[in-house]
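1. give me a model of this one.
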Amino acid sequence: MLRQRILSALVLGPVALAAAWFGSWAFVALVAVAGGLLGWEWTRLVLGRWGLGGKLLSLVAALTAALGLLEPRAGLLLLLLAALLLPWAQRRTDRSVLWLGGGVLYIGLPVLSLVWLRQVGGETLFWLLLLVWATDIGAYAAGRTIGGPKLIPRISPNKTWAGLLGGMAAAALVGFVSARLLHQAAPLALAAFSAGLAVVAQAGDFGESWIKRRFGVKDSSQIIPGHGGVLDRVDGLLTTAPVVAAACLLYGGGLLQWM
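-> So this is what the prediction gives:
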């Protein structure tokens, strides 16, 4: 399993970085495909099958990626309308319609945020991607080597406090190095913010684990060998991307404008 995870990461990582580097429609295409797959996985997870609502969710995610490049405000409006209307396209009497409406925002907001962040500045997007990946690696390494008390065993029995701290430390290192490379005046501030985002990323991991446990599912799908589904791979990114986008709006620009 570990070998499969490494091989999958070696294939998918460069593809994501290349699309982020070239930006524009190359990155939109990657995010749109990911959004469509997330819509497929989410609907199968919470509603049991990929019906009309799931197909519309995948379509909305792909359209939101395109609007993130062309007109982000229109993309946000599309998400709000879809969150209200899509739940009525695929209903189950034994499950709340809120699962599908919530899925629109859970998937759509990060899709819109990622494409918009690439327009704000490539350095901001690269920092975010490296931060999330470092959080995963740091948490995995610290959890396996140190072990210790469990964090929330009822939701994710393998996660430990050592893993949380290891993920925060790895993210802080990414923030510190990024600030130094970009000649920012306050590298410790970005390191601290990065460590905080590591907590947000791991909260996203726990949230997805809770949803899977709620519906008795081990993986969101088996599309990525060793990782499960796309949702299993990007759960931390789904929670951190909107937070970083909000910070960019607050400070009127990307990483270069923050400090």
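2. so who does the residue nearest to W88 when sequence neighbours are not counted touch?
-> Nearest non-adjacent residue to W88, counting by C-beta to C-beta, 6 or more residues apart in numbering: V97, 6.9 Å away. Yep, even glycine has a C-beta here, placed from its N, CA and C like the rest. Residues near V97 by C-beta atoms under 8 Å, 6 or more residues apart in numbering: 87-88, 91.
3. swap in 10 Å and give it another go.
-> 47, 53, 86-91 (C-beta atoms under 10 Å, 6 or more residues apart in numbering).
4. quick check: the farthest pair among those?
-> L47 and W88 (12.9 Å; C-beta to C-beta).
5. mutual contacts of those two, please.
-> Common neighbours of L47 and W88 are listed as 53, 97, 100 (criterion: C-beta under 10 Å, 6+ apart).
6. now the first one: closest residue in space that isn't a chain neighbour?
-> Among residues not flanking G53 along the chain, Q90 sits closest, at 2.8 Å (C-beta to C-beta, 6+ apart).
7. in the chain, which residue sits furthest out from the middle?
-> The outermost residue of the chain relative to its centre, with distances by C-alpha atoms, centre = their mean, is T93 at 29.8 Å.
8. would you list the phi and psi of it?
-> Dihedral angles phi and psi of T93 (degrees, to the nearest 10) take the values phi -60, psi -20.
9. which parts of stretch 199-215 are buried?
-> For stretch 199-215, burial by neighbour count (16 or more other C-beta atoms under 10 Å) applies to 199-202, 204-209, 211-212.
10. out of those, name the ones that lie in strands.
-> Among the buried residues of stretch 199-215, the subset assigned to strands under DSSP state E is empty.
11. make a markdown table out of these and add pLDDT and distance to V174.
-> Compiled in a markdown table, the buried residues of stretch 199-215 are given as follows (pLDDT from 0 to 100; distance: C-beta to C-beta, whole Å):
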| residue | pLDDT | distance to V174 |
| --- | --- | --- |
| V199 | 97 | 14 |
| V200 | 97 | 14 |
| A201 | 96 | 12 |
| Q202 | 94 | 15 |
| G204 | 94 | 17 |
| D205 | 92 | 17 |
| F206 | 92 | 21 |
| G207 | 93 | 22 |
| E208 | 92 | 22 |
| S209 | 90 | 24 |
| I211 | 93 | 27 |
| K212 | 91 | 28 |
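12. where do the helices sit along the stretch 1-150 of the chain?
-> Residue ranges of the helices in the stretch 1-150 of the chain, as given by DSSP state H, counting those that start in this stretch, are 2-22, 24-47, 52-70, 72-85, 98-120, 122-145.
13. filter the contacts of V97 down to the buried ones and hand me the ChimeraX line.
-> In ChimeraX, this line selects whichever of the contacts of V97 come out buried by 16+ other C-beta under 10 Å:
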select :47,53,86,87,89,90
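14. what's the closest of the contacts of V97 to S24?
-> Using C-beta to C-beta, these come closest to S24 at L86, 28.5 Å.
15. my guess is the closest one meets V60, correct?
-> Yes - the criterion here is C-beta atoms under 10 Å, and L86 meets it with V60 at 7.2 Å.
16. overlap of the contact sets of these two?
-> 39, 103-104.
17. nearest to A74, of those?
-> Looking across the shared contacts of L86 and V60 and measuring by C-beta to C-beta, the closest to A74 is V104, at 15.3 Å.
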